[in-house]
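Asker: Structure for this input, please:
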Amino acid sequence: MANRIKEKYMAGKRYFDYPMLFLVIFLICFGLVMVYSTSSYKSVMTYGNSYHWVLRQLGAIGVGAFLMILCCLLDYRLLKHRALANASIIGSFVLLLLVLAVGAAKKGSVRWIAIGSVQFQPSEFCKILIVIYMANKLSENAHKLKTLGDHLKILGPTLPVIGLVAYQNLSTGLVMCAMVGIMTFVVSPRTKELVMTAVGFVGLIVVYLMTANSYRNERFQIWLHPETHKKGFQTMQALYAIGSGGIFGKGLGQSMQKMGFIPESHNDMIFSIICEELGLFGAVCLILVFIALVWRMLLIAMNINDLFGSLIVIGIMVHIAMQVFVNIAVVTNTIPPTGIPLPFISYGGTSMAVIMIEMGMVLSISRKIHLG
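Answerer: You can find the predicted model right below:
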């Protein structure tokens, strides 16, 4: 009798992924602490107080929290519309063209659009837009993906967008390639051809990096010989920070490398300071939290009874997983150096707001899972 009552109760009850919400809140709070720890010294030297960058990050988190809650409360199925899919890909293209036309230069790169005192990075928003486009097109045409031409009809419009992103930031372009590729792989029956294409694409990228007469080839040389290359200073300092942290680290706030040895240590190289202050133990714990977050998203993608929602979660999951992998691989000199933030942790308003929007979308999808 009790079991029947329980089954009847559970049949109409919907799920909400509280473990994932806890992981997101933990990562945001931990990132805020680390941004303060890594930026306080430079903030004092530059602005006369230790709170400059952490307050700016807190503002971005406030905006992101509002958008995350809004996305969580709204029904994600509002995004399921053919016109919205087309608008997403066109909007992405227009935003990236605006960067080329009126973009603001920062650290030698033109990747931002400035509106008054506010700057934002359109390529970050393009990640959300391209996920919406791919989820719509793949869920609508999943049964039609039989030939290469069928695949190209869907993938074709993404190529100019990814090309423009890669022109401005190769690492972000590669992340978007992974998002599009794995979303297609999940739906397509032509898995062997897709794997062969991916392997060939990676091979072409490696050949390009090794032979191109550009700063990207220079970064490849820095990766191979950081100890002797004239621009290998940052890589070497990051490795010193990681090595000096030992098992349990020097203690929160006790880093030496953040005092000018690692430029912009609160940005892309923040993982090296985490290793220095919290040691191997802290670094492994952080990686395990990221793995747990990716696992929660995978569970949502597997349990939602809607291909459109599942594809959105998979696209966002690949985005987070790829950025974590690439950032940590760069900091540890496992791959050539490139600029990509560590999700939730690195300083950056646009990146933080976009990731929180994505988390709101995933949580909205989790609410449509039926228990029982």
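Asker: can you pull out the helices in the stretch 201-350 of the chain?
Answerer: 215-224, 233-245, 270-303, 307-331, 349-366 (DSSP state H, counting those that start in this stretch).
Asker: what's the most buried one of these?
Answerer: Scoring the helices of the stretch 201-350 of the chain by mean neighbour count under mean count of other Cβ atoms under 10 Å gives helix 349-366 as the most buried, with a mean of 24. C-beta: built from backbone N, CA, C; applies to glycine.
Asker: mind exporting that helix as PDB, just the C-alpha atoms?
Answerer: Only the C-alpha atoms of helix 349-366 are listed here, as PDB (Å, rounded to 0.1, in the frame of the first residue of the first chain):
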ATOM      1  CA  GLY A 349      32.500  39.500 -17.000                       C
ATOM      2  CA  THR A 350      31.300  38.300 -20.300                       C
ATOM      3  CA  SER A 351      32.600  34.700 -19.800                       C
ATOM      4  CA  MET A 352      31.000  34.600 -16.300                       C
ATOM      5  CA  ALA A 353      27.600  35.900 -17.400                       C
ATOM      6  CA  VAL A 354      27.400  33.600 -20.400                       C
ATOM      7  CA  ILE A 355      28.300  30.500 -18.300                       C
ATOM      8  CA  MET A 356      25.700  31.400 -15.800                       C
ATOM      9  CA  ILE A 357      23.100  31.800 -18.500                       C
ATOM     10  CA  GLU A 358      24.000  28.300 -19.800                       C
ATOM     11  CA  MET A 359      23.700  26.900 -16.200                       C
ATOM     12  CA  GLY A 360      20.200  28.400 -16.000                       C
ATOM     13  CA  MET A 361      19.300  26.800 -19.300                       C
ATOM     14  CA  VAL A 362      20.500  23.400 -18.100                       C
ATOM     15  CA  LEU A 363      18.600  23.700 -14.800                       C
ATOM     16  CA  SER A 364      15.500  24.700 -16.700                       C
ATOM     17  CA  ILE A 365      15.800  21.500 -18.800                       C
ATOM     18  CA  SER A 366      16.300  19.500 -15.600                       C
END
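Asker: Quick one: list the elements packing against it.
Answerer: If contacts are counted by 3 or more Cβ pairs under 8 Å, 6 or more residues apart in numbering; DSSP states H and E, helix 349-366 sits against helix 18-47, helix 52-73, strand 118-120, helix 122-141, helix 270-303, helix 307-331.
Asker: of those, which approaches Ala87 most closely?
Answerer: helix 122-141 (8.6 Å; Cβ to Cβ).
Asker: For stretch 329-339, C-alpha coordinates in CSV please.
Answerer: This file holds the C-alpha atoms of stretch 329-339, laid out as CSV (Å, rounded to 0.1, in the frame of the first residue of the first chain):
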residue,chain,number,x,y,z
ALA,A,329,46.5,21.9,-20.4
VAL,A,330,47.9,25.3,-21.3
VAL,A,331,48.8,26.2,-17.8
THR,A,332,50.7,22.9,-17.3
ASN,A,333,52.3,23.3,-20.8
THR,A,334,50.6,20.2,-22.1
ILE,A,335,49.5,22.0,-25.3
PRO,A,336,50.7,25.2,-26.9
PRO,A,337,49.8,28.4,-25.0
THR,A,338,46.5,30.1,-25.9
GLY,A,339,44.2,32.4,-24.2
